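Asker: sequence? don't have it. structure:
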């Protein structure tokens, strides 16, 4: 099919402007390039044929970079000192043409002007670009967070005891659901970092992160290796390397990079105070997926009531162990009601959609997200009670237990050291 005129121009105009700009810049630098090349030719002839000295003269890249760090007026003066030939040649040509060919000045003036201002032009285009930090609006942020929650659901569901806490390579959905019970070093590294990211997003607690990471590292220590290198494929259930056994430098390098990143991430959490409030953001992402699966919200239903409880918890200004425990206990009770509501709702109501009607999710999808919502709430309560025993009594203020915090810090430090040792 032929392109429309607008599409053709949209592709042609930027390319044409870029070519014109490059040609103009080449014309601007023509005197300097000519003088630079002539200097190189003369130096080479002199040194090779006559002086036989300075044959190995060169400039280290660090010296060039150091000169490039100069900015402002000093940099402009340096550019002018290096490209002096342009203005000098422009003035000489102007004087010569004015004396012998005045009629040609009108045609030569644009080129002479470019040569005269060539140091300024080159200095200007050499200035560092102003970096614009990407900004996301709330809708884009919500979309990305929901996408991350959906991505974490794969690791949450399939990286567990049946596969020795190793990630299956893939899960086939059609024509029949089938899990590929094999994994590679790259998959393992990404799984470890996914747990770290899930904690940052508020999808799992720090205790869950420690448990999952420790279980995966324990399994990795049981895997057969060749001179310290992991084989490229393993059966996730039997832990036997798949034949033919071979070591992939690419996968080994990927795993080493992932383990070093994991070491840094875990090390950053060693001295971090408990932040259970971030789990509220993770709950919100799961709620968005559950709302998408159940369709149009109905006032007064269990999911709407859960959203009200969640909004109230997120608006709390004081996040102490007691207030957080009370909030998550209320959320857990409300989430249990959501699970019952989804299980008892007619299929036609669950699959009612406000958009994308030809992609109706099954009721099982709503049940999966409802159960995930309840599991997140219950995990948050367990985390709080481990770090602040007695917070569920709702009496006197309960501080974080120092012993539990120190023990968790020590565990994180050991995990970071294990990850770093495996990367060697």
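Answerer: Yep, it's here. Only a predicted model underlies this, so the values are computations on that prediction, with no experimental measurement involved.
Asker: From here on, just use CA atoms for contacts and neighbour counts.
Answerer: Will do.
Asker: What helix or strand is the residue nearest the centre of the chain located in?
Answerer: The C-alpha lying nearest the average C-alpha coordinate of the chain belongs to residue 197 (C-alpha atoms, centre = their mean; 10.1 Å). Residue 197 is located in helix 185-201, with elements delineated by DSSP states H and E.
Asker: Going by neighbour count, list what's buried in that helix.
Answerer: Residues of helix 185-201 classed as buried under the neighbour-count rule (16 or more other C-alpha atoms under 10 Å) are 185-199, 201.
Asker: got the residue ranges for the strands in this structure?
Answerer: 170-172, 178-180, 182-183, 225-226, 229-230, 234-235 (DSSP state E).
Asker: Would you mind telling me which of the ones you listed is nearest residue 328?
Answerer: strand 170-172 (32.8 Å; C-alpha to C-alpha).
Asker: Can you give the strand pairings for that closest one, parallel or anti for each?
Answerer: Pairing partners of strand 170-172, with direction, according to DSSP bridges: strand 178-180 (antiparallel).
Asker: just to revisit the earlier point, which one of the strands of the chain lies closest to residue 85?
Answerer: Taking C-alpha to C-alpha as the criterion, strand 229-230 is the member of the strands of the chain that comes nearest to residue 85, at 59.3 Å.
Asker: what does that closest one contact?
Answerer: Defining contact as C-alpha atoms under 8 Å, 6 or more residues apart in numbering, one finds that strand 229-230 is touched by 185, 223-224, 247, 252.
Asker: what's the helix holding residue 197 in contact with?
Answerer: 152, 155, 166-169, 204-206, 209, 212-213, 216, 230-233, 251-252, 254-255, 258-259, 261-262, 265-266, 278-279, 281-282.
Asker: if we can go back for a sec, for residue 95, which of the strands of the chain is the nearest?
Answerer: Minimum separation from residue 95 across the strands of the chain (C-alpha to C-alpha) falls at strand 229-230, 73.5 Å.
Asker: Quick one: end-to-end distance for stretch 316-325.
Answerer: In stretch 316-325, first residue to last residue: 12 Å (C-alpha to C-alpha, to the nearest Å).
Asker: Check which residues of it are buried.
Answerer: If you call a residue buried by 16+ other C-alpha under 10 Å, then stretch 316-325 has these buried ones: 320-325.
Asker: mind putting the residues you listed in a markdown table, pLDDT included?
Answerer: Below are those laid out as a markdown table (pLDDT from 0 to 100):
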| residue | pLDDT |
| --- | --- |
| 320 | 86 |
| 321 | 89 |
| 322 | 89 |
| 323 | 89 |
| 324 | 91 |
| 325 | 91 |
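Asker: Return the subset of those residues lying in helices.
Answerer: Using DSSP state H, the subset of the buried residues of stretch 316-325 located in helices is 321-325.
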